[in-house]
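Asker: Here's a sequence, model it:
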Amino acid sequence: MDTNGVRAITALSDPTRRAIFEALPQGPRAVAELAAATGITSSAASQHLRVLREAHLVSMRRDGNRHLYSLDPRGLADARDYLDQFRPSALAAHAARLRDAAGADPAQPTRR
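Answerer: Below you'll find the predicted structure:
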């Protein structure tokens with residue numbers, strides 16, 4: 001299943017892309033600023049930003065000769081929607097574990 005939600009989660013699985021993404025809540029930033037903040041070259045930052053843009057996690061606008069990047073809520077919504085499809089089964093499994101734990105012999109230690 002190759003949805004944009006999967007693409008967004010995959011994009012954020014890379015530590016450098018995640019660091020770039022995490023540097024953007026303060027507002028739009030230029031490639032050089034993001035590169036300096038993450039300790040990589042501008043060229044490498046541009047490559048990571050391309051992946052983040054393709055996943056709709058960041059957007060870009062031009063300001064003169066600079067490209068300014070900011071967070072794009074579409075990718076986060078896509079990732080949330082993808083993960084939400086697993087919520088019912090995860091909650092059901094959690095409820096089953098709680099029921100099992102409630103019925104367990106108190107003299108027996110529980111494993112985690």
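
Asker: alpha carbons only for contacts and neighbour counts from here, please
Answerer: Noted.

Asker: Residue ranges in the chain under the pLDDT threshold?
Answerer: For the chain, the stretches flagged by pLDDT under 70 are 1-2, 104-112.

Asker: so where do the helices sit in it?
Answerer: 4-12, 15-22, 31-38, 42-54, 73-84, 87-102 (DSSP state H).

Asker: So which bits of the third one are buried?
Answerer: Right, the one you point to is helix 31-38. Within helix 31-38, the residues that count as buried by 16 or more other Cα atoms under 10 Å are 31-35, 38.

Asker: Spatially, what comes nearest to Ala44 if we skip its sequence neighbours?
Answerer: Nearest non-adjacent residue to Ala44, counting by Cα to Cα, 6 or more residues apart in numbering: Ala35, 7.7 Å away.

Asker: for Leu83, same thing?
Answerer: Gly5 (7.9 Å).

Asker: got a list of what that neighbour touches?
Answerer: 55, 75-83 (Cα atoms under 8 Å, 6 or more residues apart in numbering).

Asker: Filter the residues you listed down to the buried ones and hand me the PyMOL line.
Answerer: This is the PyMOL syntax for the buried subset of the contacts of Gly5, where burial follows 16+ other Cα under 10 Å:
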select buried, resi 55+75+76+77+78+79+82
